[in-house]
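Colleague: Okay, structure incoming, though there's no sequence with it:
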């Protein structure tokens, strides 16, 4: 067994060669705390968002293009939306939208949050446009199926991608972590090295409790699980929280809204305030800024400490 190194905020990929299984373990530590510091979410919503963030990092680490992977759960319950965007450079952002007046019990399971009436949906979006602007975005939409975030992803990978997958996910107010195993396809004409390898690896992964995922260092977790296996660890890939919102992008959005609508908001409130749903950054536009948007004047600099 090639011993993996201790890690923080990143994805470690590994190969269980004898069992023909590939795997990844992710730890979101400081990066996850940066996400939740920007949102006041009930604990069950926070933890499910953390699990979806860990899942996005695990799946996004395999992207073979410069672009982004977006995982969304659209709900018909008290939570209208979970969404995580993971970019190929390891940056991610995440948020959840609650319905107005939503009441969320402390022990609410995922289906009660997003599939109360059986109309929840799971959406996967691949956007390669950063490296290939001419290539279209790909999106898969399936009905919500599963009791947990891990269960939803496993069903999607089995049915849509035809890849046998086992996921373990856990999150709390300090960390979001995950373990992924996938069976490698048999090479044509080659006998499988270990016919029972996939079943055995799944059984080992199922022995890990969420508390162990949250508390054990990644290297110790892999050592405990696979100490008898031929494990080869690849390089660690760091993850970080990063939001792509800018004052310029918000200005473009206001231009699309139209001058009449912006002027109406100014007349009522004296300024237009737009808050990023991911990082909670507020961008404010007063009359001068708004005139600049629609009359080709130079708006206030992003470095102006009075305007964000």
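Modeller: Noted; the coordinates are in hand. It should be emphasised that the depicted structure is a prediction, and the values quoted were computed from it without experimental measurement.

Colleague: mind listing the strands for this structure?
Modeller: Ranges of strands in the chain, per DSSP state E, are 10-16, 21-28, 68-74, 79-87, 91-98, 121-127, 138-143, 165-171, 176-183, 231-238, 240-241, 272-275, 282-285.

Colleague: With mean neighbour count, mean pLDDT and distance to residue 48 added, can I get the ones you listed in CSV?
Modeller: Glycine gets a C-beta too; all of them are placed from N, C-alpha and C. Converted to CSV, the strands of the chain look like this (neighbours: other Cβ atoms under 10 Å; pLDDT from 0 to 100; distance: least, Cβ to Cβ, whole Å):
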stretch, mean neighbour count, mean pLDDT, distance to residue 48
strand 10-16, 22, 94, 20
strand 21-28, 24, 95, 14
strand 68-74, 21, 96, 8
strand 79-87, 23, 96, 7
strand 91-98, 21, 96, 8
strand 121-127, 18, 95, 13
strand 138-143, 12, 92, 18
strand 165-171, 23, 96, 8
strand 176-183, 25, 95, 10
strand 231-238, 16, 90, 24
strand 240-241, 18, 96, 18
strand 272-275, 16, 92, 23
strand 282-285, 18, 92, 26
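
Colleague: For residue 214, find the nearest of the ones you listed.
Modeller: strand 165-171 (5.1 Å; Cβ to Cβ).

Colleague: Just want the angle from the closest one to strand 176-183.
Modeller: Following axes from the mean of the first three to the mean of the last three Cα atoms, to 10 degrees, one obtains 170 degrees for the angle between strand 165-171 and strand 176-183.

Colleague: what's strand 165-171 packed up against?
Modeller: With contacts defined as 3 or more Cβ pairs under 8 Å, 6 or more residues apart in numbering; DSSP states H and E, strand 165-171 has these neighbours: helix 43-60, helix 149-159, strand 176-183, helix 197-205, helix 210-215.

Colleague: Need those in a markdown table (columns: distance to residue 79).
Modeller: Formatted as a markdown table, these follow (distance: least, Cβ to Cβ, whole Å):
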| stretch | distance to residue 79 |
| --- | --- |
| helix 43-60 | 6 |
| helix 149-159 | 12 |
| strand 176-183 | 17 |
| helix 197-205 | 28 |
| helix 210-215 | 20 |
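
Colleague: Out of these, flag the one nearest residue 278.
Modeller: Short answer: helix 43-60, nearest of those by Cβ to Cβ, at 11.5 Å.

Colleague: Any buried residues in that closest one, and which?
Modeller: Neighbour-count burial for helix 43-60, counted by 16 or more other Cβ atoms under 10 Å, picks out 44-60.

Colleague: Out of the helices and strands packed on strand 165-171, which gets nearest to residue 281?
Modeller: Across the helices and strands packed on strand 165-171, residue 281 has its closest neighbour in helix 43-60 (18.4 Å, Cβ to Cβ).

Colleague: How far off centre is that closest one?
Modeller: Mean-position distance between helix 43-60 and its chain equals 6 Å (Cα atoms, centre = their mean, to the nearest Å).

Colleague: Ok, stretch 261-268 next?
Modeller: 35 Å.

Colleague: Spit out the contact partners of residue 118.
Modeller: Residues near residue 118 by Cβ atoms under 8 Å, 6 or more residues apart in numbering: residue 76.
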